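1. dropping a prediction and its sequence here:
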Amino acid sequence: MNKSILLLIVLFVFLFLVFSSSPVSAAVQSEKFSDGSMYVTAQIGLKSYVATVEPFESFPFPIGGSFELMISDNLGLGMTIMCDKWCDYLGCYCGKFTFRVIKPSLGLAYHFDIPDIEGMNFFAGANLGYSILSVSNELGNDYWGDLKSEPHIEPFLGTHLYFWENLSGFFSRFLVTLKVSWSVTGDFSGVNGTIGLTYMID
């Protein structure tokens, strides 16, 4: 298992133990993730989408963001985009190739209402999207490899953590979001983790 994914799982368990005894009241939690509320998240991935050998340089982490609109008290409709970049010589003397992947997607998430767990909101769902690959070469050579743009299906599981719930005003609207996803199709498939900062718009 990728070390970053293992670290994320350990973090999940630790934070679950900490926040299960959080002083945040269930009444306050119920105000979140209700019909009509909206959320925007800035996030980074914990695993690069690099799929070629001998990577020369890359983003340290994929970066992206998401938006979610609650269409009922538990069900949210979301949009996500993640971006990654790396460079590779592909084992030849034909110049450096630069790979860029943009992954826009639409998804549904169900937010579980668990009164006995305070300070957290668990959610699960799936994204349907398209991995858009672009490749350039510093010498103008064509890319002959197998990687290509393709659709992806990505089930996920995550939690929102109410670190600043008891603060007043602007900062009380922030949540920390942890998510594990599994892209089940294509060249960019595999288990990935993200960590993000979420802001409740309304």
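-> Good, I have the coordinates. Numbers count the residues shown, from 1 in each chain.
2. residue 194 contacts residue 42, correct?
-> No. The pair residue 194 / residue 42 is not scored as a contact, 10.3 Å apart, by C-beta atoms under 8 Å. Any C-beta I mention is one placed from the backbone N, CA and C, and that applies to glycine too.
3. neighbour-wise, which of those two wins?
-> Shown here are residue 194 and residue 42; by other C-beta atoms under 10 Å, residue 194 has more neighbours (25 against 13).
4. give me the element the more buried one is part of.
-> Following DSSP states H and E, one finds residue 194 within strand 190-200.
5. which secondary element of this protein has the worst mean pLDDT?
-> Least confident helix or strand of the chain, by mean pLDDT, DSSP states H and E, is helix 26-29 with a mean of 43.
6. list the buried ones in the strand ranked longest in the chain?
-> Among the segments of the chain that qualify as a strand by DSSP state E, the longest is strand 120-137. By neighbour count with 16 or more other C-beta atoms under 10 Å, strand 120-137 contains the buried residues 120, 121, 122, 123, 125, 126, 127, 129, 131, 133, 135.
7. next, count neighbours for residue 99.
-> 22.
8. repeat that for residue 36.
-> Burial of residue 36, expressed as a neighbour count using other C-beta under 10 Å, amounts to 10.
9. start at 31 instead
-> That works, and once the first residue is 31, the last one we named lands at residue 66.
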